[in-house]
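Visitor: Attaching a predicted model along with its sequence, questions to come.
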Amino acid sequence: MKKSRGRTDRKRRKKHLQSSMDGVNCSHKLEYIKLKKWLKDRGFEDSNLRPAQFCDTGRGLMTTKALQVRDLIISLPEKCLLTTGTVLSSCLGEYIMKWKPPVSPLIALCTFLIAENHAGEKSLWKPYLDVLPKTYTCPVCLEPDVVSLLPEPLRKKAQEQRTTVHELYMSSKAFFSSLQPLFAENTETIFNYSAVEWAWCTVNTRTIYMKHSQRECFSLEPDVYALAPYLDLLNHSPNVQVKAAFNEQTRSYEIWTNSQCKKYEEVFICYGPHDNQRLLLEYGFVAIDNPHSSVYVSSDTLLRYFPPMDKQRNAKLSILKDHDFLENLTFGWDGPSWRLLTALKLLSLGADEFTCWRRTLLGDVISGRNEQQTLNITAKICHFLIEETQRALLQISQLKRKKKNLKNHLALVEALRLEDLKILQKSAEILCNLNMATS
């Protein structure tokens, strides 16, 4: 008979199993000890959240007690938040206030982050800076080889993002130069493009929404940013609901959960009902089995199976453009979107049906022929996108072997493409069933 190992051993095995299922507690690490002390000095009451490393999401926060609906997840005092007010009260304030034309709230925060990062040990914000990511995975940070493997609509937005950051850097160089009296080192070395890219990604991916009153020393762009140390370790899940806002009575930014969370599990918040392309563009990650995910159909793909000699083609395109039916045409988990089907129905109108275009936009059935042609072309587009996605996945696989240094970035694009493939295959199945039902 096998000898019992006793209660202590069972507890140990249970603890090990729990650790592997949930996350590895990282609160003993020096950077988190320093951060918690720094926050405590600013009035932050120690919560039930602990920094941890998780298999699926990486760094996040776990709860040491079960959370119920309407429980307070975290309350971060105003003194802990990094806002434009923080920037103005620093040595940068007088330079910002006298600079014309006024800098944007965004560039003010970026400038502060770069300056404090350069200050190193002398920075009052060092405990926070030490836990910020050193690199990011937003499209602006990706190599051209990786960007070229993104789906077409996202690829275009990635290029626009790179242009935005480059223009921000170029337009701020004169302002950076005006800060020279504050630094022994040349400001061109401190405020270089890489530093601006890092600061921009920090603000873009980690700030919470917090509206501030308009100040004359800033441009008219909305001042709605606040960096929230510790709170910004909370990861996103599309499957949870939270209530988040600045509490004027307690002068703290608070997050309340509308979902339950078991003890020692990762605590999630929701950044919004974003699809994976938006999550990758804005935050540099994708969510697996994201219910909000969509595969976008570009204008070129939309027109792929329509004859260019159609005399009414230009008129149809003009109608679609005027009524905003050339953007946000998608396939989702429940098949082709109503907008995509409507655009294809209008493009499928015969010469004798063209006068019915208004009814088409309202969702009316024009003819059996029009309905069937729309379904056939939708299926063709779906299969074209499946093949295009499979080709991209093959290219990613080949590039992962050739360029080991791009492995992490390629894995991110691969996750996006695999999610797209699942959506398209589901849509193809739905369209096949629809075709069988109508034939």
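Guide: It's in. Numbering: from 1, shown residues only.
Visitor: contacting residues around stretch 396-409?
Guide: 137, 142-143, 145-146, 149, 410-411, 413-414, 417 (CB atoms under 8 Å, 6 or more residues apart in numbering). For the C-beta atoms, the positions are set from N, CA and C on the backbone; glycine is no exception.
Visitor: In CSV: those residues, plus distance to residue 401, pLDDT and secondary structure.
Guide: Shown next, in CSV, are the contacts of stretch 396-409 (distance: CB to CB, whole Å; pLDDT from 0 to 100; DSSP: H, G, I helix; E, B strand; the rest coil):
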residue, distance to residue 401, pLDDT, secondary structure
137, 20, 96, coil
142, 18, 96, coil
143, 16, 94, coil
145, 13, 94, helix
146, 15, 96, helix
149, 14, 97, coil
410, 10, 97, helix
411, 13, 95, helix
413, 15, 97, helix
414, 13, 97, helix
417, 17, 97, helix
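Visitor: Can you pick out the most distant pair from those?
Guide: 143 and 417 (16.6 Å; CB to CB).
Visitor: out of these two, which sits in the busier spot?
Guide: Each of residue 143 and residue 417 has its neighbours counted (other CB atoms under 10 Å); residue 417 has more, 24 against 13.
Visitor: Next, give phi and psi for residue 136.
Guide: The phi/psi pair for residue 136 (degrees, to the nearest 10) reads phi -130, psi 170.
Visitor: Out of the contacts of stretch 396-409, grab the one that's most surrounded.
Guide: Neighbour counts for those (other CB under 10 Å) peak at residue 413, which has 27 neighbours.
Visitor: what about the one residue sitting closest to the centre of the chain, distance to residue 313?
Guide: In the chain, the residue lying closest to the centroid (CA atoms, centre = their mean) is residue 279, at 2.6 Å. Residue 279 sits 36 Å away from residue 313, going by CB to CB, to the nearest Å.
Visitor: can you pull the contacts of residue 379?
Guide: Per CB under 8 Å, 6+ apart, neighbours of residue 379: 428, 431-432, 435.
Visitor: name the element it belongs to?
Guide: helix 368-402 (DSSP states H and E).
Visitor: So which bits of that helix are buried?
Guide: Across helix 368-402, burial judged by 16 or more other CB atoms under 10 Å covers 370-371, 373-375, 377-379, 381-382, 385-386, 388-389, 392-393, 395-396, 399.
Visitor: any idea of the mean pLDDT for it?
Guide: Taken as a whole, helix 368-402 carries a mean pLDDT of 96.
Visitor: can you start the count at 556 instead of 1 from here on
Guide: Done: numbering now begins at 556, and the last item shifts to helix 923-957.
Visitor: Strands of this structure, start to end?
Guide: Using DSSP state E, the strands of the chain run over residues 578-580, 604-609, 613-618, 627-632, 762-764, 780-782, 790-791, 797-802, 807-812, 823-824, 850-851, 885-887, 890-891.
Visitor: Show me what the last one is packed against.
Guide: When contacts are defined as 3 or more CB pairs under 8 Å, 6 or more residues apart in numbering; DSSP states H and E, strand 890-891 sits against helix 962-993.
Visitor: Tell me the buried residues in stretch 624-631?
Guide: 626, 628-631.
Visitor: With only the CA atoms kept, save it in CSV.
Guide: Output of stretch 624-631 as CSV, limited to C-alpha atoms (Å, rounded to 0.1, in the frame of the first residue of the first chain):
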residue,chain,number,x,y,z
VAL,A,624,-18.8,42.2,-8.5
ARG,A,625,-18.6,45.9,-7.4
ASP,A,626,-15.4,45.4,-5.4
LEU,A,627,-12.8,48.1,-5.6
ILE,A,628,-9.7,46.8,-7.5
ILE,A,629,-7.4,49.8,-6.9
SER,A,630,-7.5,53.4,-5.7
LEU,A,631,-4.5,55.4,-6.8
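Visitor: where's that stretch relative to the chain centroid, distance-wise?
Guide: In terms of CA atoms, centre = their mean, to the nearest Å, the centre of stretch 624-631 is set 23 Å apart from its chain centre.
Visitor: same question, stretch 819-832
Guide: So, by CA atoms, centre = their mean, the centroid of stretch 819-832 is 10 Å from its chain's centroid.
Visitor: Could you export it as PDB, CA atoms only?
Guide: Only the C-alpha atoms of stretch 819-832 are listed here, as PDB (Å, rounded to 0.1, in the frame of the first residue of the first chain):
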ATOM      1  CA  TYR A 819      -4.500  34.200  -7.000                       C
ATOM      2  CA  GLU A 820      -5.900  34.700 -10.500                       C
ATOM      3  CA  GLU A 821      -4.800  37.600 -12.800                       C
ATOM      4  CA  VAL A 822      -7.000  40.700 -12.500                       C
ATOM      5  CA  PHE A 823      -8.000  42.100 -15.800                       C
ATOM      6  CA  ILE A 824      -9.500  45.400 -16.900                       C
ATOM      7  CA  CYS A 825     -11.000  46.200 -20.300                       C
ATOM      8  CA  TYR A 826      -9.500  48.900 -22.500                       C
ATOM      9  CA  GLY A 827     -12.600  49.000 -24.600                       C
ATOM     10  CA  PRO A 828     -14.400  46.800 -27.200                       C
ATOM     11  CA  HIS A 829     -11.400  46.800 -29.500                       C
ATOM     12  CA  ASP A 830     -10.600  44.400 -32.300                       C
ATOM     13  CA  ASN A 831      -7.200  42.900 -32.500                       C
ATOM     14  CA  GLN A 832      -6.000  45.200 -35.200                       C
END
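Visitor: Alright, calling it a day.
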